[in-house]
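Asker: Structural data only, the sequence is not supplied:
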């Protein structure tokens, strides 16, 4: 089976997006974020995902500009926002 070519340089924005966040855990993290999950511990609890994998996926989504880190309203920690 031939390896599929990357869609990162495609003219289609949908293709580029799927290429960037097409990994299943990224979609699951986004689902949680749309359901108002904001803290690392909440993502981990809801998804049952290992901390290292969750941290890598969150970092990727932040680097892409999909999520951002901002101070929590109570000042206790940082949280992710869409």
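Answerer: Yes, it's here. Note that this is a predicted model, so its numbers are computed, not measured.

Asker: all helices of the protein, in order?
Answerer: 13-21, 24-34, 40-47, 51-63 (DSSP state H).

Asker: Least confident of the ones you listed, on average?
Answerer: Ranked by mean pLDDT, the helices of the chain bottom out at helix 13-21, which scores a mean of 80.

Asker: how about it: buried residues?
Answerer: With burial defined by 16 or more other C-beta atoms under 10 Å, the residues of helix 13-21 counted as buried are 19, 20, 21. All C-beta atoms are positioned from the backbone trio N, CA, C, and that covers glycine.

Asker: next one: stretch 36-44
Answerer: Buried residues in stretch 36-44, counted by 16+ other C-beta under 10 Å: 37, 38, 40, 43, 44.

Asker: Adding distance to residue 9, write these out as CSV.
Answerer: Converted to CSV, the buried residues of stretch 36-44 look like this (distance: C-beta to C-beta, whole Å):
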residue, distance to residue 9
37, 32
38, 33
40, 33
43, 31
44, 34
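
Asker: Just flag the most distant two among these.
Answerer: Greatest spatial distance among those (C-beta to C-beta): 38 and 44, at 12.5 Å.
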